[in-house]
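J.: Got a predicted model here, sequence first, then my questions.
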Amino acid sequence: MKKNVMRAAMGLALLALACSSPVHADQGDVLARVRMLSVEPDSSTSGALSSLGVGVNNSLTPEADFTYMATKHIGLELILATTRHTVTSNIGTLGRVNLLPPTLTVQWHFNPEGKIRPYAGVGMNYTLFYNSGLQAGGQQVAIDNHSFGPALQAGIDVQVAKNVFVNFDVKKLYIKTSASLGGTSLGTLKINPLIIGLGVGMKF
């Protein structure tokens, strides 16, 4: 999956170089994007969850995001998406749960006046766990529904037409929750996904 996304991003970048002229991002501009995301958890556990071999499967989901250019180099991006993941263990599938992780990053845009505009960002994410159907031994597994953590980001916008660009983006989010069964703690699950996105955007 990662190799295919990388190849697609490189192909789009070469196409843009061949047929575009630069339209730079200025202070006050808004960049709106839609992406398809591959959400790839790097899960780890503590307590009884480790003994159970608990893990979280990958997920594909669409995403929308908006960047406000405070200056021609500094952008503020809000990322909006939701995912649904299957939680596995060595005793079988425990069920599925939805994650809603709105994330705000502050970005530095390295080449705002070029055709190829790389950026890097850092910020915070708040994750809401909802619609949980996790069970073990016929009992519901209760989880902490809220998580706060840092977010890291790197990406590139490549112009393909006036005010239109393609985007390749990678984020690392730090997300965790605690779990309990019948009032007894099972430990902590860290999800910490790598999020790979490919999409298109417009400048307003």
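T.: Looks like it came in fine.

J.: worst-scoring helix or strand of the chain, pLDDT-wise?
T.: Ranked by mean pLDDT, DSSP states H and E, the weakest helix or strand in the chain is helix 2-19, scoring a mean of 49.

J.: looking just at contacts, which helices and strands does the helix or strand following it meet?
T.: Scanning forward in sequence from helix 2-19 by DSSP states H and E, the next helix or strand is strand 30-40. Contacts defined by 3 or more Cβ pairs under 8 Å, 6 or more residues apart in numbering; DSSP states H and E place strand 30-40 against helix 2-19, strand 59-69, strand 83-88, strand 164-173, strand 194-203. Every C-beta, even on glycine, is put in place using the N, C-alpha and C of the backbone.

J.: can you rerun that using 7 Å?
T.: Here strand 30-40 touches strand 59-69, strand 164-173, strand 194-203, going by 3 or more Cβ pairs under 7 Å, 6 or more residues apart in numbering; DSSP states H and E.

J.: ranking those strands by burial, who's on top?
T.: Comparing these by mean neighbour count (mean count of other Cβ atoms under 10 Å), strand 164-173 comes out on top with a mean of 21.

J.: Low-confidence ranges, the chain, go.
T.: For the chain, applying pLDDT under 70 flags the ranges 1-25.

J.: try 80 this time
T.: Scanning the chain for pLDDT under 80 picks out 1-26.

J.: Residues in contact with stretch 171-185: which ones?
T.: Outside stretch 171-185, the residues within contact range by Cβ atoms under 7 Å, 6 or more residues apart in numbering are 47, 49, 101, 103, 125, 127, 129, 136, 139, 141-144, 147, 149-153, 186-195.

J.: Could you do stretch 192-204 as well?
T.: For stretch 192-204, contacts defined as Cβ under 7 Å, 6+ apart pick out 2, 5, 8-9, 23, 25, 29-42, 63, 157, 163-175.

J.: and if you look at stretch 32-47?
T.: Residues from elsewhere that reach stretch 32-47 (Cβ under 7 Å, 6+ apart): 1, 5, 54-56, 58-66, 81, 83, 167, 169, 185-202, 204.

J.: ok, G92 - contacts?
T.: Counting by Cβ under 7 Å, 6+ apart, G92 has no contacts.
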